[in-house]
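A.B. asks: Turn this into a structure:
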Amino acid sequence: MKRKKKNNFPAKYVLLFMSIFCIIIIACSVTLSFSDSAVNTAVGYVIIPMQKGINRVGNGLRNIRGNLTSRQKLQEENESLQEQLTDARAELNQIQIDQDELDQLRELYDMDQSYADYDKVAADVIGKDSGNWFSTFLIDKGSKNGVKEGMNVIADGALAGVVIEVGPNYATVRSIIDDNSNISCTNLSTNELMIVSGSLQSMNASTTIQFSDLRDPDDQAEEGDQVVTSNISDLYLPDIPVGYITDVSMDPNKISKSGNIATIVDFSHLEKVFVVLQTKSGLTEEEGE
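C.D. replies: Numbering: from 1, shown residues only. Presented below is the predicted three-dimensional model:
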């Protein structure tokens, strides 16, 4: 059984025919000026719809091109704004860093003025023991800068610790919150002596250190009294602020009192300190002379 041949008329011939037909109609419309002729009718039915279709395609292409151009422009503007925002954030961060450095320099200047009678050297904290608190820490000044063991270290306008080890360009400082720290101090309000002891356990619990052996016969010691180093200390220079009493209670012996002190120095964020280039023993020798 033979298959019937499909009558496939090539599309190119259809297009050729339509093109020739359109050319004939256009030529007729130009040469013949009949308002109601068949040519005008053909034009109305064939050419105009084709023209409308072409216009739609053209408008669509223009819209697409316009949208692509607008999207590209918006993307470029967005990238430009992102760059400006990044630059602004960088400038703001730099301003904040500069402000922090300025504040630190002002604090160092104030400390320098507070202890103008002593020679000092400024130092940066470059390391500490593990943990949140600076019980012992390293500074970037050593024997080449005149630093010696036994020299007092101050920060935030108060006592931070004492130098316990010295290298050519570094030194180790034991802070007053270290468990091995014991300082003879004075309550400025009552002028009575006490022993201030470091306590990392207490610091971790309430950011305070402890005092004991306070003799207060007139029962005048109270919360808020300032505590400073005493004259009889064999390691610390006199009258350096340590902190403020936060609570005080009578000991079981009914003779002495004990309690806690909030330190002035922020021992969780130490960055810059001063080393007083004078030891207590050296000061005593000078006074003896």
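A.B. asks: alpha carbons only for contacts and neighbour counts from here, please
C.D. replies: Will do.
A.B. asks: what is the mean pLDDT for stretch 179-198?
C.D. replies: Summarised as a single mean, pLDDT over stretch 179-198 is 92.
A.B. asks: Stretch 256-275 now?
C.D. replies: Averaging pLDDT residue by residue across stretch 256-275 gives 91.
A.B. asks: Give me the buried positions along that stretch.
C.D. replies: For stretch 256-275, the neighbour count (16 or more other C-alpha atoms under 10 Å) marks 256-267, 270, 272-275 as buried.
A.B. asks: cool, and stretch 120-136?
C.D. replies: Applying a neighbour-count criterion of 16+ other C-alpha under 10 Å, the buried positions in stretch 120-136 are 120, 121, 122, 123, 125, 128, 133, 134, 135, 136.
A.B. asks: how much space between the fifth one and residue 166?
C.D. replies: To tie it back to what came earlier, the one meant is residue 125. According to C-alpha to C-alpha, to the nearest Å, residue 125 stands 14 Å off from residue 166.
A.B. asks: what do you get for the fourth one?
C.D. replies: Residue 123 sits at a distance of 13 Å from residue 166 (criterion: C-alpha to C-alpha).
A.B. asks: do the second one as well
C.D. replies: Relative to residue 166, residue 121 is positioned 14 Å away (C-alpha to C-alpha).
A.B. asks: Equivalent analysis for the third one, please.
C.D. replies: Remark: distance between residue 122 and residue 166 (C-alpha to C-alpha) = 15 Å.
A.B. asks: got it, and the first one?
C.D. replies: Here the distance between residue 120 and residue 166 works out to 16 Å (C-alpha to C-alpha).
A.B. asks: ok, residue 224 - contacts?
C.D. replies: For residue 224, the contacting residues are 244, 245, 246, by C-alpha atoms under 8 Å, 6 or more residues apart in numbering.
A.B. asks: Now it: which helix or strand?
C.D. replies: Following DSSP states H and E, there is no helix or strand that holds residue 224.
A.B. asks: And residue 121, by the same measure?
C.D. replies: Residue-wise, residue 121 maps onto strand 120-128 under DSSP H and E.
A.B. asks: Need the contact partners of that strand.
C.D. replies: Taking C-alpha under 8 Å, 6+ apart as the rule, strand 120-128 contacts 108, 112, 134-141, 145, 270-277.
A.B. asks: Give the next helix or strand downstream of that strand.
C.D. replies: Following strand 120-128 in sequence, per DSSP H and E, is strand 136-139.
A.B. asks: Now that following strand: buried residues?
C.D. replies: 136, 137, 138, 139.
A.B. asks: from those residues, which two are the most distant?
C.D. replies: 136 and 139 (10.2 Å; C-alpha to C-alpha).
A.B. asks: Could you tell me which residues touch both of the two?
C.D. replies: With C-alpha under 8 Å, 6+ apart, residue 136 and residue 139 have common neighbours 172, 173.
A.B. asks: quick one on the thing from earlier: of the buried residues of stretch 120-136, closest to residue 73?
C.D. replies: Using C-alpha to C-alpha, these come closest to residue 73 at residue 125, 51.1 Å.
A.B. asks: May I have the beta-bridge partners of that closest one?
C.D. replies: residue 139 (DSSP bridges).
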